[in-house]
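S.K.: Starting from these lines, generate the structure:
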Amino acid sequence: MKKLFVLIFMALAAFPAYAQDSAERDPSGDSPIIFDGVRTDLNEFLWIKRPLVVFADAPADPRYVEQMQFLTDRLEALDARDVVVLTDTDPGARSDLRQQFHPRGFMLILLGKDGTIYLRKPFPWDVREISRVIDKLPTRQREMRENSGGS
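M.R.: Just a heads-up that it's a prediction; the model follows:
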């Protein structure tokens, strides 16, 4: 059982790097959804994407593993809502994200396109719950109206 957990963890830990590498090689130009938050600047996404930041003190944190499984199972729902996932599992790196949000252990934070914090949770959340929060945001409501052709 322990070997199975280690194998699942290794696969999940490698997924963000694999997703980024494969997207960089993808000639269609589609951008990846999952980024390493240690090397990412939130200003890159301002007014373009909704950052969902996942913090943990280690990639083996069971809450982090569970959260990443929730997210990777429904990436298309997140992509449809202009979400990018930023992960930070290295407290020693003292990333800009950690300096800004001061997480304690596992932390899930949803930011709006304007940089406002709309959700902050100390435990994993399912994509369905995250999507409901996003769909209630004023900017998302406007996007849905514009996409449906309504005024």
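S.K.: Quick check: nearest residue in space to the spatially most central residue of the chain, chain neighbours excluded?
M.R.: Nearest to the geometric centre of the chain sits residue 85, at 2.0 Å (CA atoms, centre = their mean). Of all residues not flanking residue 85 in the chain, residue 34 sits nearest, at 4.6 Å (CB to CB, 6 or more residues apart in numbering). Every residue, glycine included, has its C-beta placed from N, CA and C.
S.K.: the helices in this protein, which residues?
M.R.: 2-25, 62-73, 75-80, 96-101, 127-135, 138-148 (DSSP state H).
S.K.: Could you list the buried residues of stretch 58-75?
M.R.: Of all the residues in stretch 58-75, those buried under the rule 16 or more other CB atoms under 10 Å are 59, 61, 63-68, 70-72, 75.
S.K.: Revised request: answer the last question for stretch 106-123.
M.R.: Buried-residue list, stretch 106-123, by 16+ other CB under 10 Å: 106-113.
S.K.: And that stretch, end to end?
M.R.: From its first residue to its last, stretch 106-123 covers 7 Å (CA to CA, to the nearest Å).
S.K.: so how far is it off the chain centroid?
M.R.: Distance of stretch 106-123 from its chain centroid, counting by CA atoms, centre = their mean, to the nearest Å, is 10 Å.
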